[in-house]
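Peer 1: quick one, what's the 3D model for this:
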Amino acid sequence: MTRRRALVVGAGIGGLTAAVALHRRGWDVTVCERATEPSAAGAGIVLAPNALRAFDAIGFDAARATGHATPAAMDLRRPGGRLLSRADGAALTARYGRPPLAVHRPALSAALAAALPDGALRYGTAVTAIEDADGRPAVHTSAGALTADVVIAADGIHSPIRRQYFPAHPGLHHSGETAWRTVLPAGGPPVRAACETWGRGERFGVVPLADGRVYLYATAVVPGGYRPADVRTELLRRYGTWHDPIPALLERIDPAAVLQHDLYDLAAPLPRFHQGRLAWLGDAAHAMTPNLGQGGCQAVEDAAVLAHLLDGADVPAALAAYSAARCARTDALRIRSRRAGRVAALTHPLAVAARDLAVRATPARAARRALDDLFAFDLSGVDGFTLPD
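Peer 2: Okay, here's the model as predicted:
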């Protein structure tokens, strides 16, 4: 029996997860990545319980593979240190079966890449065009043409393949914020609790990683394209008087290791996540702001669902079912993340005071319901979808 071939465009977390999932279901997989080598730079990612269940569904143990940290708590605070809310790690474990895991993105990517067969991951291979007129896609790359039974576009937020197939789509929407991210090496005072701090149009996050490393991120309401001449000075000016341990952590940053990106999401949902034998996943399909911490988690969900539906099924019908399974959930989270970002980025003093009061007054039951919706993922539920005629 001829093994089916899958070609994945992009070696981000979503693309690698899809490749691993299909490989473990007997597909021949090829991943084309235009970068010439894996990046050693990178930030952290918190794998929420829904992403961990999706990894379980494809047989990948993210905790064992990455070297992870489980924060004792996840606090939300004011710049002066006042607690607005707390999500306790033990309570999250009791409710969802496991706590969120904080991991270093390059470590997660490396672990996924190591789960692929030799030669499956091709760095320095850019995809230049896709033709699928005869029902078996031909993918033109900088290293020559390849054919496949299915092509998975995991080519990121600026997806050229999305633009090719949805030319009328309005593209990306700028949130009005920029974000700085970095990872501090071990060696400083230990940080055990994750914390996000909300000011006026500014936020700062601290997440402990494995081996004493610390993931830092910050956002600010600024015009698109804003880039300070001196990153350290900029961050100290904005956050250097905030509560401990933020000032001491800022003193330890290496400006050369700080990543800065303006925050975008899709301006509108895609009409579908498939076209014939081509499927989109992750940021290419439903780019969302990081306010819910679900961008990477939804890409992992996409990959698990896609591989599950492709297992033994007719490819075009399976991809149509994939769209049916994923479009509504991911777009709801895209909208929810955008709204959460607008609340967190308020700048007027009265609006900020009202926001903080509302957070403190939110009943625990309502907060749990919100997390239940966020962390809901059960691959068995996908079986209820009927493949289209």
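Peer 1: tell me who's in contact with the nearest residue to residue 73 once chain neighbours are set aside.
Peer 2: Closest residue to residue 73 in three dimensions, ignoring its sequence neighbours and counting by CB to CB, 6 or more residues apart in numbering: residue 193, at 4.5 Å. The C-beta positions use only the backbone N, C-alpha and C, and glycine is treated the same way. Counting by CB atoms under 8 Å, 6 or more residues apart in numbering, residue 193 touches 71, 72, 73, 74, 75, 208.
Peer 1: correct me if wrong, but the fifth one is in a strand.
Peer 2: Yes: looking at residue 75 with DSSP: H, G, I helix; E, B strand; the rest coil, it is inside a strand.
Peer 1: what about it, how many neighbours?
Peer 2: By other CB atoms under 10 Å, 19 other residues sit near residue 75.
Peer 1: and it, what pLDDT?
Peer 2: Per-residue pLDDT puts residue 75 at 95.
Peer 1: pull the longest strand from the chain.
Peer 2: For the chain, the strand that runs over the most residues, judged by DSSP state E, is strand 172-184.
Peer 1: now the end-to-end length of stretch 239-253.
Peer 2: End-to-end distance of stretch 239-253 (CA to CA, to the nearest Å): 13 Å.
Peer 1: the stretch 251-389 of the chain: helices as residue ranges?
Peer 2: Assigned by DSSP state H, counting those that start in this stretch, the helices in the stretch 251-389 of the chain fall at 283-286, 295-310, 315-344, 349-361, 364-375.
Peer 1: and stretch 7-18, how far from the chain's centre?
Peer 2: 12 Å (CA atoms, centre = their mean, to the nearest Å).
Peer 1: doesn't residue 274 make contact with residue 319?
Peer 2: Yes: counting by CB atoms under 8 Å, residue 319 touches residue 274, with 3.7 Å between them.
Peer 1: what sits against the spatially most central residue of the chain?
Peer 2: In the chain, the C-alpha nearest the mean C-alpha coordinate belongs to residue 296, at 1.7 Å (CA atoms, centre = their mean). Listed by CB under 8 Å, 6+ apart, the contact set of residue 296 reads 13, 14, 45, 47, 51, 105, 282.
Peer 1: now the strands for the stretch 1-150 of the chain?
Peer 2: Counting by DSSP state E, counting those that start in this stretch, residue ranges of the strands within the stretch 1-150 of the chain are 5-9, 28-33, 44-47, 73-77, 83-88, 101-104, 121-123, 127-131, 138-141, 144-147, 150-153.
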